[in-house]
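Chemist: Dropping a prediction and its sequence here:
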4 protein chains.
Amino acid sequence: MVRVGILGATGAVGQRLVQLLDPHPEFEIAALTASADSAGKSYREAAKWGLDVPVPDSVADATVVETDAEAIPDDVPLLFSSLPSSVGAAVEPDLAEAGYVVSSNSSNARMAEDVPLVIPEVNADHVGLIEVQRDERGWDGALLKNPNCSTITMVPPLAALDSFGLERVTVSTLQAVSGAGYSGVTSMQIIDNALPHIGGEEEKMETESRKLLGEFDGAAVALHDAEVSASCNRVATLDGHLENVWADTREEVTTDAAAEAMASFPSADLPSSPDPLIEVFEDPDRPQPRLDRMRGDGMAVSAGGLQETPHGLQFNCLAHNTLRGAAGASVLNGELLLREGYL
Amino acid sequence: MVRVGILGATGAVGQRLVQLLDPHPEFEIAALTASADSAGKSYREAAKWGLDVPVPDSVADATVVETDAEAIPDDVPLLFSSLPSSVGAAVEPDLAEAGYVVSSNSSNARMAEDVPLVIPEVNADHVGLIEVQRDERGWDGALLKNPNCSTITMVPPLAALDSFGLERVTVSTLQAVSGAGYSGVTSMQIIDNALPHIGGEEEKMETESRKLLGEFDGAAVALHDAEVSASCNRVATLDGHLENVWADTREEVTTDAAAEAMASFPSADLPSSPDPLIEVFEDPDRPQPRLDRMRGDGMAVSAGGLQETPHGLQFNCLAHNTLRGAAGASVLNGELLLREGYL
Amino acid sequence: MVRVGILGATGAVGQRLVQLLDPHPEFEIAALTASADSAGKSYREAAKWGLDVPVPDSVADATVVETDAEAIPDDVPLLFSSLPSSVGAAVEPDLAEAGYVVSSNSSNARMAEDVPLVIPEVNADHVGLIEVQRDERGWDGALLKNPNCSTITMVPPLAALDSFGLERVTVSTLQAVSGAGYSGVTSMQIIDNALPHIGGEEEKMETESRKLLGEFDGAAVALHDAEVSASCNRVATLDGHLENVWADTREEVTTDAAAEAMASFPSADLPSSPDPLIEVFEDPDRPQPRLDRMRGDGMAVSAGGLQETPHGLQFNCLAHNTLRGAAGASVLNGELLLREGYL
Amino acid sequence: MVRVGILGATGAVGQRLVQLLDPHPEFEIAALTASADSAGKSYREAAKWGLDVPVPDSVADATVVETDAEAIPDDVPLLFSSLPSSVGAAVEPDLAEAGYVVSSNSSNARMAEDVPLVIPEVNADHVGLIEVQRDERGWDGALLKNPNCSTITMVPPLAALDSFGLERVTVSTLQAVSGAGYSGVTSMQIIDNALPHIGGEEEKMETESRKLLGEFDGAAVALHDAEVSASCNRVATLDGHLENVWADTREEVTTDAAAEAMASFPSADLPSSPDPLIEVFEDPDRPQPRLDRMRGDGMAVSAGGLQETPHGLQFNCLAHNTLRGAAGASVLNGELLLREGYL
């Protein structure tokens, strides 16, 4: 068992990390960090636990430490990070330099040239960018990122469609409130309402997706040349991002061929990778956030409403934003790092 | 004052018609119809009133009659119809033949070649199709339609952008539950959920918008040749359809030029037409359903989030689906019919 | 394994019964019934499945039969009923006469003198009323009821407090929409709203609770003499009824003594009975529907906010209304019937 | 026209005060205050406006000043306060000493012996306590309070029932999220959920109601001797507190007599006092928050579900918590202060 730490363990994604890692077949929680305010408290005290399962007994009484290389034990090689991005930007490089391998969900540095941005089922080979990173930065550890939750939701089906030559992607999202953290969206903002814009989110979808679908030649990742345009909306769902996607392709793509490409898109041989990775519905009313977000234990992507257009394919997709889209994405990347020998 | 009737007066849109027509500067309610079950009852009894204002006193005790030419007084020249489409298809032609002018919100016959489909601020001249209709069908009355609520929301801003040469429209909707009528969406379907498909709605948006934006040459309406692709979603809002639109145009369109074209798009000189017709927000977080649906007394269209794309413009728009998108649309068409001398 | 049938298997509670019985350590599903419309269809087709887990494979392709003694195999001794009460009233006695033992969630006949109304942890001995029932009615089978979901939520903590001499119970409920079935509450009724009345519900709480807490002397059940007054409200939660209770007692009851009485109230030695039966929270903000309804796999009752009053105790309680409050209640009663030798 | 100031003008209640005072027949807004952060900004900039009507033009560009006697013009005799209670406790006495008359919604000092707590329709005479206050504190100005929103909702009907001799009041609330301010309840707390406790709220209802219903003898207010026990819940409604009340009375009270007492309870002869004050519904499904909160322009109290109990009467009541329950309550008290000559 590899001893792991959770950076930012008291937040919404941090709690999901705790839930996923207790228990986990390869990892055991050995450190929980949070801001200075929480350091010294028990996890139960420090976390305002908001999940519908109780705090796991094994961590409830563990003492939270500050997010700092000094405070984290040396024999914890792997750190999962769900820090606010400004904190991540400040702390993650120090930790990587100090020898820790950091699998991070924080949004900082995702587009940095020597930082791999990875979904194991889509672009596991990009993990090799760590060699470049270590060379350039002189780090013993490493920093690897998973993409934004809304990006993760659409990239697996887009990767499946890329065999038809992706040229242009237009996407509209209906995102759950948990994506903004526990206090990110107030009740007065969202009851009987929807918000037509999520600051920074459109840009993340437009750039991260092209890096994920890009080619790694051993030295650098070339962004995919598809044009991506996103419009992001917040709606009154707790978990599960639903997205309407139009994929324009060079080659014609029939609904059947697209469904087949998605349904047969391979999962990774890692403990948290679901099989199938993409569940394709024939019923146009599916997937729905509440009914389908837990498919594959919250790690599958669902697709439906496939329909040919004059330019390619139109479809809907859904994934659980704090499992597949955040905490689970980081854990999966940790599993990849272990398998590939980076720990 | 023109005496008017409301067909299907007890439903969700029928109640909005009552609200808008009591009082109205040109019309007075003289007949309320519903199905045979409700006929003979007082309106208060027959309607399961669901608005947050009381039933107007003037109609509360009026007797509901059956939706039938026999039951409607002869001296009521104008009928507003919010009948279920199957009922509308059966009854509206009979009423038009019997000499009534029917301004209808029902979805039947909207794409029929000799039935005008009208938003007065956009294509008032299409009302002339009534001459063709009367010639062909030998009617003394007439049948005129307003489009579907989700179509109405996007067509005014698209009409404003058509000066740049609309080529392709991609639209994703976040539609309010009232669009499905009082019992159309159950609470179990929508709490903590969103529905990725609304049966028939995508097609309505794709065809009706092209008829509205098309040219009427005195004999027929030629559909606009833009390609329109829609994806329709239901979310947990009561009223107000929010839409993300990508408009590809032949000519380049800057954000400023687009905002100017929308903000200066003329309203109609009719009692229910708001001025301005389109309210353009600079704040990308607007428009929002709850905050902006009542602009222009529920008859304005709001737009925001304007952004250039390599192919044209991306923007969001919003309108109140049961006012501008249904009951108000029919009333406005009634006002047009009066002004143009069809009553 | 006892072969069992589910009457009304396609409804909201019927689906929960399927979920609980597949798998179950003592029972296996051998018959699924519904109305004539659904008979002959596969279960997958007939049920508009609304749970966030897929339809179990073992029943998905089973053929639904009509709810009728003829259509149900003879070698299925135990039937779980979640029929609409009017259907239950018509059919259940026939089935009991035909030799089936019926554990029913339907509201008909709950207060009938020779029909046991049972929560196994509270009044398992009332099951003996079946002897009286068989004598009087000449049945080979039997009919046993579980109470209404809102009643089940409060009765275990009240039973715990009855050692202090219950005299008067005042209860206000915040009930989830699933209690009304899939179509019982529309979205327009409940978004940004609450409903202050649930037809018939107040009376059920006021009478059923007194039967459950009453004494069975081998011949009849004497209602408990506490006065019970309920006010029932519907709120926008999917599952989980939350209740504010004031229990006036003859003897003084301290918060500590009450907490102890609740926490130590014994569970039943049956597969579906959770241990502890009642989870008592110190945090006054708990229990909450979303966070706590799944305690004890949805079969526990949670209590919190205990506070002394001049007349006794004030507290809140919560239970999952379609698990502990309906489907799980029937299954638990089935387990009791098996243990007590009635099958 | 009396020039008035609004203390804490940018908060949720402050915005409602702006809405109610622009325009108002007797008052005109002459000062808007907020915390030091907002001072110097225009009101439009400083307030994160959240109402579904636009910011009134007359105040949009007004400059916000700090909440401080120095910063408020001297010729503004009346101040409406919706400050956070800790700020109110620090600032309001200074302002009263400096000669301002403060009509405050803040919760500080409501139970102070020389501070009148007033609902004009219920206990207008308590305003005379200002004489005692001025004598004791040597103030030129004055401090007068309105009660908490949940208290205001039930007190008018309880005052109507007090003719039957109120002895014990048991109340359970379903409170709207706006009562907690714009950020008080997060979306993750309330979607598919209800909160069984509101810190401090129960105690406010239990004490403030007894002061409001108490007797003022010219020197002091004697609390009413009824026992009041409250349980306060937060639900997913935007505005409108719904309450289930059990009123035990010394004399028997029939449903008819209670309805008559409520319906005929006099309104005050003040601009913001609605007539009737209490709207009594026969339909047990009413009042409902969304449908009935705007009765009497948001200033009426609705009652329904009246039912006799062995001890008195059970009923439901509803009022708009930020209009009748907060901003409107302060404005109404300002109107009373003007009429009674305290300005």
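Modeler: That came through, no problem.
Chemist: For the rest of this, base every contact and every neighbour count on C-alpha atoms.
Modeler: OK.
Chemist: Show me which residues of the stretch 101-250 of chain A are close to chain C?
Modeler: Contact residues, the stretch 101-250 of chain A versus chain C (Cα under 8 Å from any Cα of the partner chain): A:191-192.
Chemist: ok, which stretches of the stretch 101-250 of chain A are helices?
Modeler: Secondary structure of the stretch 101-250 of chain A by DSSP state H, counting those that start in this stretch: the helices cover A:120-123, A:129-137, A:149-161, A:187-190, A:201-212.
Chemist: of those helices, which approaches chain D most closely?
Modeler: Comparison of the helices of the stretch 101-250 of chain A against chain D by Cα to the nearest Cα identifies helix A:187-190 as nearest, at 4.1 Å.
Chemist: how near is A:M294 to C:D52?
Modeler: Separation of A:M294 from C:D52 (Cα to Cα, to the nearest Å) stands at 7 Å.
Chemist: what about stretch A:96-113, how long is it end to end?
Modeler: 16 Å.
Chemist: Give me the buried stretch members for that stretch, please.
Modeler: Across stretch A:96-113, burial judged by 16 or more other Cα atoms under 10 Å in any protein chain shown covers A:96-111, A:113.
Chemist: Which residues of the stretch 201-343 of chain A lie near chain D?
Modeler: A:236-238.
Chemist: In terms of pLDDT, where does the most far-flung residue of chain A relative to its centre sit?
Modeler: Outermost residue of chain A with respect to the C-alpha centroid, by Cα atoms, centre = their mean, is A:P310; its distance is 31.9 Å. On pLDDT, A:P310 comes in at 97.
Chemist: got the contact list for it?
Modeler: By Cα atoms under 8 Å, 6 or more residues apart in numbering or on different chains, no residues touch A:P310.
Chemist: Same question for A:T153.
Modeler: A:241, A:243, A:301, A:317-319, A:321, A:324-325.
Chemist: Also A:L318?
Modeler: A:L318 makes contact with A:153-154, A:240-243, A:287-289, A:292-293, A:301-303, according to Cα under 8 Å, 6+ apart.
Chemist: Dump those residues to a markdown table, plus pLDDT.
Modeler: Shown next, in a markdown table, are the contacts of A:L318 (pLDDT from 0 to 100):
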| residue | pLDDT |
| --- | --- |
| A:T153 | 98 |
| A:M154 | 98 |
| A:G240 | 98 |
| A:H241 | 98 |
| A:L242 | 98 |
| A:E243 | 98 |
| A:P287 | 98 |
| A:Q288 | 98 |
| A:P289 | 98 |
| A:D292 | 97 |
| A:R293 | 98 |
| A:V301 | 98 |
| A:S302 | 98 |
| A:A303 | 98 |
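Chemist: And the residues you listed, which is closest to chain C?
Modeler: For these, the closest approach to chain C (Cα to the nearest Cα) belongs to A:D292, at 6.4 Å.
Chemist: Now for the closest one: which residues touch it?
Modeler: By Cα under 8 Å, 6+ apart, the contact set of A:D292 is A:286, A:302, A:318, C:52-53.
Chemist: Nearest to chain B among those?
Modeler: The shortest gap between chain B and any of those belongs to A:R286, at 6.6 Å (Cα to the nearest Cα).
Chemist: I'd say that closest one and A:G305 touch.
Modeler: Yes - using Cα atoms under 8 Å, A:R286 is in contact with A:G305, at 7.4 Å.
Chemist: Report the set of residues contacting both of those two.
Modeler: Shared contacts of A:R286 and A:G305 (Cα under 8 Å, 6+ apart): B:H197.
Chemist: any idea how chain A splits into domains?
Modeler: By the assignment in automatic domain parsing, chain A contains the domains A:2-148+A:326-339, A:149-320.
Chemist: rewinding a little: and chain B, which of the residues of the stretch 201-343 of chain A next to chain D reach it?
Modeler: A:236-238.
Chemist: Show me which of those are buried.
Modeler: For those, a burial check counting by 16+ other Cα under 10 Å picks out A:236-238.
Chemist: Where do the strands of the stretch 1-150 of chain A begin and end?
Modeler: In the stretch 1-150 of chain A, strands defined by DSSP state E, counting those that start in this stretch lie at A:2-7, A:27-34, A:65-66, A:78-81, A:101-104, A:142-145, listed in chain order.
Chemist: Could you report the distance from the closest residue to A:S187 other than its chain neighbours to D:A62?
Modeler: Sequence neighbours aside, D:S187 is the residue nearest to A:S187 in space, at 4.1 Å (criterion: Cα to Cα, 6 or more residues apart in numbering or on different chains). For D:S187, the distance to D:A62 equals 32 Å [Cα to Cα].
Chemist: got it, and A:L238?
Modeler: Counting by Cα to Cα, the gap from A:L238 to D:A62 is 39 Å.
Chemist: Tell me the residues on chain A that lie near chain B, please.
Modeler: Checking chain A against chain B by Cα under 8 Å from any Cα, the hits are A:172, A:174, A:191-198, A:229, A:231, A:235-239, A:242, A:244, A:284-290, A:305, A:309, A:316.
Chemist: pLDDT weak spots in the stretch 201-343 of chain A?
Modeler: Within the stretch 201-343 of chain A, no stretch has pLDDT under 70.
Chemist: so which residue of it comes closest to chain B?
Modeler: A:T237 (4.2 Å).
Chemist: Chain neighbours aside, what residue packs nearest to that residue?
Modeler: Spatial nearest neighbour of A:T237, chain neighbours left out: B:D192 (4.2 Å); criterion: Cα to Cα, 6+ apart.
Chemist: Spell out the secondary structure type for the closest residue in space to A:Q307 that isn't next to it in sequence.
Modeler: Closest residue to A:Q307 apart from its sequence neighbours, by Cα to Cα, 6+ apart: A:Q314 at 5.2 Å. Three-state call for A:Q314 (DSSP: H, G, I helix; E, B strand; the rest coil): strand.
Chemist: residues contacting A:Q314?
Modeler: Shown in contact with A:Q314 (Cα under 8 Å, 6+ apart): A:244-247, A:305-308.
Chemist: any chance of those in a markdown table, with neighbour count too?
Modeler: Putting the contacts of A:Q314 into a markdown table (neighbours: other Cα atoms under 10 Å in any protein chain shown) gives the following:
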| residue | neighbour count |
| --- | --- |
| A:N244 | 29 |
| A:V245 | 24 |
| A:W246 | 29 |
| A:A247 | 29 |
| A:G305 | 24 |
| A:L306 | 23 |
| A:Q307 | 18 |
| A:E308 | 19 |
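Chemist: out of those residues, who's nearest chain D?
Modeler: Of all the contacts of A:Q314, chain D sits closest to A:N244, with 23.4 Å by Cα to the nearest Cα.
Chemist: Contacts made by stretch A:335-343 with the rest, please.
Modeler: Stretch A:335-343 has contacts (Cα under 8 Å, 6+ apart) with A:26, A:77-78, A:101, A:120, A:124, A:127, A:270-272.
Chemist: Now restrict these to buried residues only.
Modeler: Buried members of these, scored by 16+ other Cα under 10 Å, are A:77-78, A:101, A:120, A:124, A:127, A:270, A:272.
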